[in-house]
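Undergrad: Here is the input, now give the coordinates:
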Amino acid sequence: MIPRSYVIIGCGHFGGCAVEKLHRKDPHSKIIVVDKSKEAIKKISHLPAETVICDGLLYLKKFFSEGRSANYIVPAVPFHLAFEFILSRLKPTGAKRRKVSILPGVPNPMRGKKGDLYTSLANFFCPEDCPEPAQYCTLTKEKRRKPLYKILMDLRGPFESKVIRSHQLGPGMGGFRYMDLLDLLQDLREIKTPGRLILISTASRCHGVTSAILV
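TA: Purely as a prediction, here's the structure:
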C-alpha cells in the first residue's frame, strides 16, 4: 500500500496537534508541515515530519506549480486557504474577490474581516477532540439533519455555490483532498461567460467558511 501524504499549512496550536494526531493514526504517512515561524516549526522537531519555513500560501502555489501531489491539505491558518489559493491562480485572468452577503438558510453566520462568511451548526465552542459523528452532535447528542457542506452545496441565488468538503482525518482535525482543490480550479478556468459570481466554501459536517469570487 502506498503511504498517504499530508501537507499541513500552519504550525500553531492546531497545526502542531494535527502533526501528532496524524503520526499516531498513520505512522507510515508522509507529512509536510509549513509555517513561516522558525519557533513554531521547532516545537514539532521531535516528530518524523518534513518541515518547511515559508509562507503557507506561497508554498502551496509553489507545490502546485512544480506538479507535486498529496492526498490531503490540512489548513491550520487563520484565513480561507483554499479560496486564497484559487484567487491567486485566477487573478491574472481578471478574477476578483467579492464580499459574501448574509445568506438565507445558513446556520449561525458571522462575517470575517475580508468579507468571508463563517457558518456553523453549533452556537457554542466545540471540543477540540470532537470525532464528528455523522448521526448526532458529540456535545448535545442531538440528531443531525443535514451536514453543513450539503447545506452550502444546495444554496440557490444569483451565484453558483461550489464546496470543497473537509474530511475528518482524526478527532478535531479535518483536511480537504488536494485533487478536489485542483478540480475546482480547473472548473473555474473553463467558465466561458465573464462576470459570474461564484461562492467557494470549505466545509465539514459542522463548520465552514464561504468566500466569493467574480470570474
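
Undergrad: Mind splitting the protein into its structural domains?
TA: Domain ranges of the chain: 1-78, 85-166+179-215, per automatic domain parsing.

Undergrad: so which of these gets nearest residue 173?
TA: domain 1-78 (5.1 Å; C-beta to C-beta). The way it works is simple: take the backbone N, C-alpha and C, and place the C-beta from them, glycine included.

Undergrad: tell me the mean pLDDT for the closest one?
TA: Per-residue pLDDT over domain 1-78 has a mean of 94.

Undergrad: So that it lines up with my notes, have the first residue be 494 from now on.
TA: Sure, I'll start counting at 494 from here, so that last one is domain 494-571.

Undergrad: And it, how far out from the chain middle?
TA: With C-alpha atoms, centre = their mean, to the nearest Å as the basis, domain 494-571 stands 14 Å off its chain's centre.

Undergrad: For the residue located most distally from the centre of the chain, give me the pLDDT.
TA: Most distant from the centre of the chain: residue 686, at 27.1 Å, with distances by C-alpha atoms, centre = their mean. With respect to pLDDT, residue 686 scores 82.

Undergrad: so how far is residue 653 from it?
TA: Going from residue 686 to residue 653 by C-beta to C-beta, to the nearest Å gives 11 Å.

Undergrad: Next, show the common contact partners of the two.
TA: Here residue 686 and residue 653 share no contacting residue, scored by C-beta atoms under 8 Å, 6 or more residues apart in numbering.

Undergrad: what's the neighbour count on the residue nearest to residue 502 when sequence neighbours are not counted?
TA: Excluding the flanking residues, the one nearest residue 502 by C-beta to C-beta, 6 or more residues apart in numbering is residue 549, at 3.8 Å. Applying other C-beta atoms under 10 Å, we find 26 residues neighbouring residue 549.

Undergrad: Surely residue 549 and residue 501 touch.
TA: No. Counting by C-beta atoms under 8 Å, residue 549 does not reach residue 501; the two are 9.1 Å apart.

Undergrad: intersection of neighbour lists for those two?
TA: Common neighbours of residue 549 and residue 501 (C-beta under 8 Å, 6+ apart) are residue 527.

Undergrad: thinking again about what came up before, which one of the domains of the chain lies closest to residue 665?
TA: Ranking these by proximity to residue 665 (C-beta to C-beta) places domain 578-659+672-708 first, at 4.5 Å.
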